[in-house]
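>>> With the input below, show me the fold.
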Amino acid sequence: MNDLPPDLPRLRTLETWLAMSLDRVRAQIAAAEQREKERQQGEARRPPPPDWVLEVGIGVGSPPVDVHAGHCYIIGKRHRAISREQALAALAEGVPACIHCRPDTELGVL
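Numbering: from 1, shown residues only. Presented below is the predicted three-dimensional model:
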């Protein structure tokens, strides 16, 4: 069973159309590869997450909201990285530990 046209002019037209389609597919592949390369470069350049995070309140002088482990998914927009010692001190001062990531357990406070 042959599904191609029998005459030369239609075969040439089909060849041209297929070549154009192949060019479009190759361009899409190149664009996808470029996006993947840029994504990988972005991941490589991204700084690692901090080990501990202090979520701060709104305004100057407002008390801290929570202490988080750096990998916590619930960290708010207003936060700053802190050291292990600062996290321990904040918990000792009464800053609540995040109920999702439980930094107090990871720090051995409990």
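>>> CA only for contacts and neighbour counts going forward, please
OK.
>>> Would you mind listing the buried residues in stretch 62-78?
Judged by neighbour count using 16 or more other C-alpha atoms under 10 Å, the buried positions of stretch 62-78 are 64, 65, 66, 67, 68, 69, 70, 72, 75.
>>> Quick one: distance of that stretch to the chain centre.
Counting by C-alpha atoms, centre = their mean, to the nearest Å, stretch 62-78 is centred 18 Å from the centre of its parent chain.
>>> just stretch 81-90 next, same as before
25 Å.
>>> Kindly report the same for stretch 98-110.
How far stretch 98-110 lies from its chain's middle: 24 Å, per C-alpha atoms, centre = their mean.
>>> what's the average pLDDT for it?
Summarised as a single mean, pLDDT over stretch 98-110 is 87.
>>> ok, now how distant is the residue most central in space within the chain from residue 32?
Here the mean C-alpha position of the chain is nearest to the C-alpha of residue 43 (C-alpha atoms, centre = their mean), at a distance of 7.6 Å. As judged by C-alpha to C-alpha, to the nearest Å, residue 43 and residue 32 stand 17 Å apart.
>>> Show the end-to-end separation of stretch 86-98, please.
Stretch 86-98 has an end-to-end distance of 15 Å (C-alpha to C-alpha).
>>> ok, and for that stretch, which residues are buried?
With burial defined by 16+ other C-alpha under 10 Å, the residues of stretch 86-98 counted as buried are 87, 88, 90, 91, 95, 96, 97, 98.
>>> just checking, the second one touches residue 106?
To tie it back to what came earlier, the one meant is residue 88. No: assessed by C-alpha atoms under 8 Å, residue 88 is found out of contact with residue 106, at 10.5 Å.
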